[in-house]
Structures are given as structure tokens and as C-alpha cells.
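S.K.: Sequence and predicted structure below; questions after.
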Amino acid sequence: MTTWADGKQRCFWANPNNERYVRYHDEEWGVPVHDDRKLYEMLLLETFQAGLSWECVLNKRDAFRAAFDDFDPVKIAAYDETKREALRQDPGIIRNRLKIKAAVTNAKIFLELAKEWGSFDNYLWHFTGGKTLQEHDGRTHSDLSDSLSKAWKKLGMKFVGTTVVYSYLQAVGVVDSHEPGCFKYQGINQSPVTGH
């Protein structure tokens, strides 16, 4: 693992030439998220990432935020065909018709789960008892992502294959995959978060 100019070592995928990407690695990836709007934001971005690079999506994050009402799932769940068509004309985002439609569908299901469980946070974190799982073996899916993918598809969510779901779990800190040697690496499971 290479030591960077700032004296830190980072995961192999962090691009030293993209400050936004480095900040994401250092400040967000693998950090537990318990805010429902942020949990939806990452779900939306991960579904748009399907078949593309995360760096590509991250570079467009601000445009996505502006286009999708600051990632408010209540507003997005109410998008009609006129709004979806406007999004398809927005050059700042990934203008995939099916992914835009999926953002709306997934927002509705996200809100249904949040209502059933009191919050989407409660729902998501109950699978690990509020604990972050440490998985550093380079896998692209797990038993948890397999089961969540199957369950979410059954509910009607789109673009939630097991690889996308695993990336989502890493993005919101349910799974911490920082590599040994990375300055963010934690070799043991963290304690359960209070209230989860």
C-alpha cells in the first residue's frame, strides 16, 4: 500500500487526483449513517451507479442533489411523469429513464419500510443489531446483501442487485471494508450504536 503525500495510506481504489473522491473515502465510506434522508441519498446514488463507476456518480452528486430535491424521499416519491421527463433532460445527472423511474419507485418503498419500522434506519440496522460488520476480503456481495436484494426486489425496488446492495451497505457503514494498512482500517467489530 502506497503512502500518499499527506503521509496517510488509503484503500487502493481512492483516486489521489480527485479531491472529491478522496474526501468521500476519508469522511464517508464505511462511516455509520443513521439519518433517513442520507440513507435514501446513498440508495439513490448507488442505484444510479449500477453498471458505471462510483467515481462517475460522485462527480455528479451536487447535480443529483439539485435535481432530486436534496434527496427528500417524500418529494421524490410524488414525482409525476412531467417531473421524470424534466430529469431525463437534465445534463448534470445520469439520464437513464429506468433509473429515474426506479428512484421514484424505490422512494415509495423506502418510505413504506420507514413507516413500518419507525424509520428506515431502524429497519436497516436491525439486521446487524446496530453493529458495523468488518469485511476486508474484497468481496462484492455477502449473505446480507443477497437476502436484502431478494427482499427489496420482492417489494418492487429496482436496480438493487446484490452487488449494488453490498456497495450501499459499505457506503452507509453497515459494512466497513477499509483495507488493512489504510488509515481508516478498524480490525475489530465496533460496539453496537446506542438506540439500535
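M.R.: Received it, and whenever you're ready, just let me know what you need. Here the structure is a predicted model, which means the values were calculated and not measured.

S.K.: dump the residue contacts of the closest residue to Trp13 other than its chain neighbours.
M.R.: Nearest non-adjacent residue to Trp13, counting by CB to CB, 6 or more residues apart in numbering: His25, 7.8 Å away. Every residue, glycine included, has its C-beta placed from N, CA and C. His25 is in contact with 10-11, 13-14, 184, counting by CB atoms under 8 Å, 6 or more residues apart in numbering.

S.K.: packing partners for the longest helix along the chain?
M.R.: As assigned by DSSP state H, the longest helix anywhere in the chain is helix 97-117. Applying 3 or more CB pairs under 8 Å, 6 or more residues apart in numbering; DSSP states H and E, we find helix 97-117 packed against helix 36-49, helix 73-77, helix 81-88, helix 120-125, helix 143-155.

S.K.: Only the buried residues of that helix, if you could.
M.R.: Going by neighbour count (16 or more other CB atoms under 10 Å), the buried part of helix 97-117 is 99-111, 113-114.

S.K.: which one of those is nearest Ala86?
M.R.: Lowest distance from Ala86 to those (CB to CB) belongs to Ile100, with 9.7 Å.

S.K.: any idea how far that closest one lies from Trp29?
M.R.: As judged by CB to CB, to the nearest Å, Ile100 and Trp29 stand 25 Å apart.

S.K.: mind showing which ranges of the chain have poor pLDDT?
M.R.: 187-196 (pLDDT under 70).

S.K.: mind running it again at 50?
M.R.: The model of the chain has pLDDT under 50 over residues 188-196.

S.K.: Convert stretch 151-162 to CSV, retaining C-alpha atoms only.
M.R.: What follows is stretch 151-162, C-alpha atoms only, in CSV (Å, rounded to 0.1, in the frame of the first residue of the first chain):
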residue,chain,number,x,y,z
ALA,A,151,-36.4,-8.9,-0.2
TRP,A,152,-36.2,-5.5,-1.9
LYS,A,153,-36.8,-6.9,-5.3
LYS,A,154,-39.8,-8.7,-4.0
LEU,A,155,-41.1,-5.4,-2.6
GLY,A,156,-40.7,-3.9,-6.1
MET,A,157,-37.4,-2.0,-5.8
LYS,A,158,-35.3,-1.7,-8.9
PHE,A,159,-31.6,-1.7,-9.6
VAL,A,160,-31.0,-3.4,-6.2
GLY,A,161,-28.9,-6.4,-7.3
THR,A,162,-26.8,-7.9,-4.6
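
S.K.: List the neighbours of that stretch that are in contact with it.
M.R.: 47-48, 50, 98-99, 101-102, 105-106, 109, 112-113, 141, 145-146, 148-149, 165.

S.K.: thinking again about what came up before, of all the buried residues of helix 97-117, which comes closest to Asn59?
M.R.: Among the buried residues of helix 97-117, Lys99 lies closest to Asn59 (CB to CB), at 16.4 Å.
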